[in-house]
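[1] Whatever this is, show me its structure:
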Amino acid sequence: MSIPQSGGGPIERHEQLAEYLAEGCKPKEDWRIGTEHEKFGYCKDSLLPLPYEGDRSIKAMLEGLRDQFNWSPVEEAGNIIGLEKNGANVSLEPGGQLELSGAPLETIHETCDEVNVHLKEVQTIADKIGAGFIGLGAAPEWTHEQMHMMPKGRYRLMTDYMGRVGTHGTQMMYRTCTVQVNLDFGSEADMVQKMRVALALQPVATALFANSPFFEGKENGHKSWRSRIWRDLDASRTGMLPFVFDEGFGFESWVEYMLDVPMYFVYRDGKYIDALGQSFRDFLKGELPALPGETPTLSDWADHLTTCFPEARLKKFIEMRGADGGPWRRICALPAYWVGLMYDQTALDAAWDLCKDWDAETREELRIAASVDGVGAKVGDISMLDIARETVAISKAGLAARARPGAGGMIPDETHFLNALEEVVETGMSPSCELSSKYNGEWNGDLKRIYSEYSY
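    You can find the predicted model right below:
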């Protein structure tokens, strides 16, 4: 989850809220790729999640990465809670899930190099302290009581609030992992088209990357339990956002949506001030109960923009949020999939043609079906596998048209990063299917085999 944002000074005009988003518009040659991925850490001997403190812990991981690989520490209230280096940062999810938020890079080749370097660094430190890391969409065995809360003020506030507004909020916070990509837009019109394609096709990404068939030690009946969790979390800040498809949608529409999203906090002098359930509209008028008489800054607005969690999220870029965390070789496939669809206009138009006639009900049904049945889902006459096959083909054409070479020109483009997804559409089996097959076959119901066979 996000670290405190630096957005700017006082908000003196309502128009500044939309102008802040519009500052994200960039010429195509400046579009970049920012990949984020999370993974679960555990103690190798007990197979229990890593605590924050101790010789074998999240803190030991962060200090090891800092000392051996020259990352700069990020601290809160005297605790190391993240790292920074060369435009990238390592941060902590509430239950200790370790996240790399990658630097903005030009190609998938660079993104994959970044992923590889990071995971090798993590592996080096983990081996030293007797820890392991695994990429899954949901913790396969651990209960809520076994998870350790990381020492971040934001998480203390959110944990209490989540229990009041939905049934699965703390499961999301402590026992799920994702891989996502952040992409740029060139104009308001470009943002609108990309947001609509992103939301409509996010269930396809959920299906392709489904990787969470287990929860609390048994099969849960879903290909993506992580996606299931998101459906009952907090309706005021999650979902498929039908208004994005309304005529006239733009930056101001997003502002109005965010002004109706209840606040979590205000960040002041290194501390999170409880503003749970309060209104940013009141804040603009100087009437926020948490800070009476004070009005917000653009940094407060930037922070507030990080507190909604729809399937695609708008900030100064667009976040694709529908995929489960997964194994090493699939991490690079997620940015490749979306870059292929979004960064070539012909591909983007083809993707929109594929989904532009779906109504809000269809999009929501696809979201639900993706979590339950993955690529095997069917909604009316729509086959998820067929849509997945078509979108992977469109993405591949988009990556070929980008023609960004790698390996010093030895690799002509980025299309090979889609190989893992082409396997899914050829076999009809997502990672979740593979896991269930092993669990019911060669593992003979022994879920602990997942750690030895699927850890990084």
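[2] How about the contacts made by the nearest residue in space to Ile108 that is not next to it in sequence?
    Nearest residue to Ile108, sequence neighbours excluded (CB to CB, 6 or more residues apart in numbering): Glu414, at 4.2 Å. Yep, even glycine has a C-beta here, placed from its N, CA and C like the rest. Residues counted as contacts of Glu414 (CB atoms under 8 Å, 6 or more residues apart in numbering) are Thr107, Ile108, His109, Ala336, Val339, Gly340, Leu399, Arg402, Arg404, Gly406.
[3] now these as JSON lines including distance to Glu365 and secondary structure?
    Formatted as JSON lines, the contacts of Glu414 follow (distance: CB to CB, whole Å; DSSP: H, G, I helix; E, B strand; the rest coil):
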{"residue": "Thr107", "distance to Glu365": "36", "secondary structure": "coil"}
{"residue": "Ile108", "distance to Glu365": "31", "secondary structure": "helix"}
{"residue": "His109", "distance to Glu365": "37", "secondary structure": "helix"}
{"residue": "Ala336", "distance to Glu365": "27", "secondary structure": "helix"}
{"residue": "Val339", "distance to Glu365": "27", "secondary structure": "helix"}
{"residue": "Gly340", "distance to Glu365": "26", "secondary structure": "helix"}
{"residue": "Leu399", "distance to Glu365": "29", "secondary structure": "helix"}
{"residue": "Arg402", "distance to Glu365": "33", "secondary structure": "helix"}
{"residue": "Arg404", "distance to Glu365": "36", "secondary structure": "coil"}
{"residue": "Gly406", "distance to Glu365": "39", "secondary structure": "strand"}
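[4] can you point me to the longest strand in this structure?
    Assignment by DSSP state E gives strand 33-43 as the longest strand of the chain.
[5] which element follows that strand toward the C-terminus?
    helix 58-69 (DSSP states H and E).
[6] Please name every helix or strand in contact with that following helix.
    Packing partners of helix 58-69 (3 or more CB pairs under 8 Å, 6 or more residues apart in numbering; DSSP states H and E): strand 72-76, strand 79-85, strand 88-92, helix 108-129.
[7] Quickly note the distance from the closest residue to Gly96 other than its chain neighbours to Tyr161.
    Excluding its sequence neighbours, the residue lying closest to Gly96 (CB to CB, 6+ apart) is Ile58, at 4.7 Å. In this view, Ile58 and Tyr161 are 23 Å apart by CB to CB, to the nearest Å.
[8] more crowded one of those two?
    Legend: neighbour count by other CB atoms under 10 Å for Ile58 and Tyr161, higher for Ile58 (25 against 18).
[9] Now the helix or strand that contains Gly163: buried residues?
    If you go by DSSP H and E, Gly163 is part of helix 153-165. Buried residues in helix 153-165, counted by 16 or more other CB atoms under 10 Å: Gly153, Arg154, Tyr155, Arg156, Leu157, Met158, Tyr161, Met162.
[10] Please apply the same query to stretch 416-424.
    Buried residues in stretch 416-424, counted by 16+ other CB under 10 Å: His416, Phe417, Leu418, Ala420, Leu421, Glu422, Val424.
[11] And for stretch 258-269?
    Quick answer for stretch 258-269 (16+ other CB under 10 Å): Met258, Leu259, Val261, Pro262, Met263, Tyr264, Phe265, Val266, Tyr267.
[12] Greatest separation within those: which pair is it?
    Greatest spatial distance among the buried residues of stretch 258-269 (CB to CB): Leu259 and Tyr267, at 18.4 Å.
[13] which stretches of the stretch 301-450 of the chain form helices?
    For the stretch 301-450 of the chain, the helices defined by DSSP state H, counting those that start in this stretch cover 328-331, 333-342, 345-355, 360-373, 384-402, 419-427, 431-440, 449-454.
[14] Show me what the shortest one is packed up against.
    The reference is to helix 328-331. Using 3+ CB pairs under 8 Å, 6+ apart, helix 328-331 sits against helix 108-129.
[15] which helices and strands sit right next to the helix it packs on?
    Using 3+ CB pairs under 8 Å, 6+ apart, the elements in contact with helix 108-129 are strand 33-43, helix 58-69, strand 88-92, strand 98-101, strand 131-134, helix 328-331, helix 333-342.
[16] Run the angle between that helix and helix 333-342 for me.
    Interaxial angle of helix 108-129 relative to helix 333-342 (axes from the mean of the first three to the mean of the last three CA atoms, to 10 degrees): 160 degrees.
[17] and the angle from helix 108-129 to strand 33-43?
    Orientation of helix 108-129 against strand 33-43 (the same axes, to 10 degrees) gives an angle of 20 degrees.
[18] Could you figure out how far helix 108-129 is turned away from strand 88-92?
    Counting by the same axes, to 10 degrees, helix 108-129 lies at 50 degrees to strand 88-92.
[19] Give the burial count for the closest residue in space to Leu348 that isn't next to it in sequence, as a bare number.
    Spatial nearest neighbour of Leu348, excluding adjacent residues (CB to CB, 6+ apart): Met342 at 5.9 Å. Neighbour count of Met342, defined by other CB under 10 Å: 26.
[20] residues in contact with the residue nearest to Gly24 when sequence neighbours are not counted?
    What sits nearest to Gly24 in space, not counting adjacent residues and going by CB to CB, 6+ apart, is Lys316, at 3.2 Å. Shown in contact with Lys316 (CB under 8 Å, 6+ apart): Tyr20, Leu21, Glu23, Gly24.
[21] What of Cys433?
    Contacts for Cys433 (CB under 8 Å, 6+ apart) come out as Ala210, Lys223, Gly374.
[22] Phe280 reaches His304, doesn't it?
    Yes. At 5.6 Å, Phe280 and His304 qualify as touching, with contact defined as CB atoms under 8 Å.
[23] Between these two, which contacts overlap?
    With CB under 8 Å, 6+ apart, Phe280 and His304 have common neighbours Met258, Val261, Met263.
[24] circling back to that earlier point, relative to Tyr454, how far out is the residue nearest to Gly96?
    Relative to Tyr454, and taking CB to CB, Ile58 is found at 20 Å.
[25] Pull the residues that contact the lowest-mean-pLDDT helix or strand in the chain.
    Lowest by mean pLDDT, DSSP states H and E among the helices and strands of the chain is helix 153-165, with a mean of 84. With CB under 8 Å, 6+ apart as the contact definition, helix 153-165 has outside contacts at 1, 76-77, 94, 149, 169-170, 172-173, 233-236, 264-265, 271-272, 274, 276-277.
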